[in-house]
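[1] Output the structure for:
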Amino acid sequence: MSAKTKQFTLQEDWTVVLLGFLIIGISLFIFLPSVPVFKWSGIGDLQTDVFESGNLQIILLQFIYFISIGAIGAFLIGKSIKNFLAVFPVVYLLTLISLLIAGNTFIKGINLEAVIFSLIIGLAIGNFFKLPEWFRTALSTEVFVKIGLVLLGTSIIFSDILKAGSYGLFQALVVVLSVWYFAFWLCKKLKVDEELTMMISSAVSICGVSAAIATSGAIKGDSKKLSYVISMVLVTAVPMMIFMPMIARYFNFPEEVTGAWLGGSIDTSGAVVASGSLVGETALKISTIVKFSQNVLLGLAAFAISVYWTYTNNTSAEAAASKPTLGIIWERFPKFVIGFIAASLVFSFLLTPEIRDNVKDSLKNLQGLWFALAFTSIGLETNFKDLFSNTSKKPLYAFLIAQLFNVILTLLIAFLLFSK
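    Residues are numbered from 1 along each chain as shown. Model (predicted):
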């Protein structure tokens, strides 16, 4: 049984890398999917923009594209294609509803992302309706998440380090390492379980949602725990986005310092842009650059976490007798991380900026949709009580204390580096 599980995991991860690069190859050489419009303010916008025939055709084409890729994945990992084809349209429709809600200008204004609505809708249906077992087993949560992560690698461009300049990069390194270690130490002190410890540490220190998802994939984490961490990240980002610019204005912080503070401590890129815009153009520019620097570190962090986790959490007989060998580490190492880093290297060094600019919006849309589909699936297969009842308040306390440490440390470093 154990050997079969390992083989399945290995096969699934390599399948994900294959599918991720299939999507990248299609986007570069064959067909670049258009980005559908979901932005709206009122009923008139829904009629003229979202439900306009051309936009509906784009959404339908995107559905065909995704169900085709998903069916290939189901075949390669040995799942029932018939069940997948029956379940995926439901997941896709529910995800479209979440994208539609998130597309409202008011919702965008308070920076609530589509993934949180995907999770809520999935949880509501999964808990109020009894879904058949074949439906739940046909959900491809892990595949969706990991394809999204491979595509995320296309947006981690190493030249962004140069844009950040020495100060931005130095701040990113100090903040990520210090906050990650502090959060890790705090979680251990509060006796938070190891999976949540790793996810919380990465989410607080690096880049929120993406870091939590990447870490969960790297350690093969529980999707319910991932949902819990994502919920904390998204909920705390909103008040930070609103109140940190107000605090900076009240104390007359220089715009450069404020931008570095916002970019280094707010966990989601959307909230960073929104809060930087509230302060001014200089703050927006510096906050974005600092956040870019932290995002670039995500690939290195995912690799380091994967090595650490596979080395220290191996329960095989060989590991019990001695330290894990390189062979055992490779066997357990999540192969999608290789796809993530390979995609980043290809887009950083093998493609021209013009080609990258041409495909980045489409690939970002595809990446976001895979994540949204994954969170709809997580909601459908999760019992709402399990999401919070089996988790004590200690992870929440650890997250909030680590976030406070992050805010204070980043402000001090921002003053040291960016005040004139």
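[2] dump the residue contacts of residue 374.
    Going by C-beta atoms under 8 Å, 6 or more residues apart in numbering, residue 374 touches 118, 141, 144-145, 148. The way it works is simple: take the backbone N, C-alpha and C, and place the C-beta from them, glycine included.
[3] so can I have JSON lines of those residues showing distance to residue 95?
    Listed next are these as JSON lines, based on distance: C-beta to C-beta, whole Å:
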{"residue": "118", "distance to residue 95": "6"}
{"residue": "141", "distance to residue 95": "12"}
{"residue": "144", "distance to residue 95": "10"}
{"residue": "145", "distance to residue 95": "13"}
{"residue": "148", "distance to residue 95": "12"}
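[4] quick one: which of these sit in helices?
    Counting by DSSP state H, these place 118, 141, 144-145, 148 in helices.
[5] Residue 369: which of the contacts of residue 374 is nearest?
    Proximity of the contacts of residue 374 to residue 369 (C-beta to C-beta) peaks at residue 148, which lies at 8.1 Å.
[6] Phi and psi next, for residue 104.
    Backbone torsions of residue 104, given as degrees, to the nearest 10, read phi -60, psi 140.
[7] and it, bridged to which residues?
    residue 40 (DSSP bridges).
[8] And it, what's its pLDDT?
    The pLDDT attached to residue 104 in the predicted structure is 90.
[9] pLDDT below threshold where in the stretch 151-300 of the chain?
    Using pLDDT under 70 as the threshold, the predicted model of the stretch 151-300 of the chain has low-confidence ranges 159-166, 269-270, 274, 296.
[10] Now with 90, please.
    Applying pLDDT under 90 to the stretch 151-300 of the chain picks out residues 152-177, 191, 193-195, 202-203, 205-243, 245-246, 249-250, 255-256, 259-260, 263-300.
[11] And the strands in it?
    Secondary structure of the stretch 151-300 of the chain (DSSP state E, counting those that start in this stretch): no strands present.
[12] Ends of stretch 198-210, what's the gap?
    13 Å (C-alpha to C-alpha, to the nearest Å).
[13] quick revisit: from the ones in helices among the contacts of residue 374, which one has the minimum pLDDT?
    residue 141 (78).
[14] thinking that residue is in contact with residue 221, fair?
    No: checked against C-beta atoms under 8 Å, the pair residue 141 and residue 221 is beyond contact range at 11.7 Å.
[15] For residue 401, the count of nearby residues, please.
    Neighbours of residue 401 under the rule other C-beta atoms under 10 Å: 16.
[16] residues contacting it?
    residue 186.
[17] Tell me the spacing between it and residue 179.
    Separation of residue 401 from residue 179 (C-beta to C-beta, to the nearest Å) stands at 11 Å.
[18] now, which of the contacts of residue 374 sits nearest residue 198?
    residue 145 (15.6 Å).
[19] And that closest one, how far from residue 189?
    Residue 145 is 30 Å from residue 189, by C-beta to C-beta.
[20] Kindly report the same for residue 265.
    Distance from residue 265 to residue 189, by C-beta to C-beta: 22 Å.
[21] Between these two, which is the more surrounded one?
    Under the criterion of other C-beta under 10 Å, the comparison of residue 265 against residue 189 puts residue 265 first, with 28 against 10.
[22] before we move on, what SS does the closest residue in space to that one that isn't next to it in sequence have?
    Distance criterion C-beta to C-beta, 6 or more residues apart in numbering; nearest residue to residue 265, sequence neighbours excluded, is residue 410 at 4.3 Å. Assigned by DSSP: H, G, I helix; E, B strand; the rest coil, the conformation of residue 410 is helix.
[23] ditto for the one 3 residues further on
    Three-state call for residue 413 (three-state DSSP): helix.
[24] what number of residues lie near it?
    21.
[25] repeat for residue 298
    Residues within reach of residue 298, counting by other C-beta under 10 Å, total 24.
[26] Could you report the distance from residue 147 to residue 407?
    34 Å.
[27] Tell me which of the two has more neighbours.
    residue 147 (32 against 18).
[28] Excluding sequence neighbours, find me the nearest residue to that one.
    That would be residue 370: by C-beta to C-beta, 6+ apart, it lies 4.9 Å from residue 147.
[29] Name all residues that make contact with the residue nearest the centre of the chain.
    Taking C-alpha atoms, centre = their mean, the centroid of the chain lies closest to residue 210, which sits 2.4 Å from it. Shown in contact with residue 210 (C-beta under 8 Å, 6+ apart): 152, 295, 298.
[30] Now with 10 Å, please.
    148-149, 152, 155-156, 202-203, 233, 267-269, 295, 298, 302, 367, 371 (C-beta atoms under 10 Å, 6 or more residues apart in numbering).
[31] Identify, from these, the entry nearest to residue 336.
    residue 149 (5.9 Å).
[32] isn't that closest one right up against residue 336?
    Yes: if you go by C-beta atoms under 10 Å, residue 149 and residue 336 touch, sitting 5.9 Å apart.
[33] which neighbours do these two share?
    Joint contacts of residue 149 and residue 336 (C-beta under 10 Å, 6+ apart) are 16, 20, 214, 217-218, 302.
[34] so after the helix or strand where residue 342 lies, what's the next helix or strand?
    Using DSSP states H and E, residue 342 sits in helix 336-345. Sequence order places helix 353-381 as the next helix or strand after helix 336-345, per DSSP H and E.
[35] Could you list the buried residues of that next one?
    Neighbour-count burial for helix 353-381 flags 356, 359-360, 362-363, 365-381 (criterion: 16 or more other C-beta atoms under 10 Å).
[36] tell me the angle it makes with helix 336-345.
    Interaxial angle, helix 353-381 versus helix 336-345 (axes from the mean of the first three to the mean of the last three C-alpha atoms, to 10 degrees): 150 degrees.
[37] Using TSV, lay out the contacts of residue 374 together with distance to residue 90 and neighbour count.
    Formatted as TSV, the contacts of residue 374 follow (distance: C-beta to C-beta, whole Å; neighbours: other C-beta atoms under 10 Å):
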residue	distance to residue 90	neighbour count
118	13	30
141	14	21
144	14	27
145	18	24
148	19	25
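[38] Show me the shaky parts of the stretch 1-150 of the chain.
    Looking at the stretch 1-150 of the chain by pLDDT under 90, you get 1-14, 31-33, 39-50, 75-80, 102, 105-120, 122-124, 126-146, 148-150.
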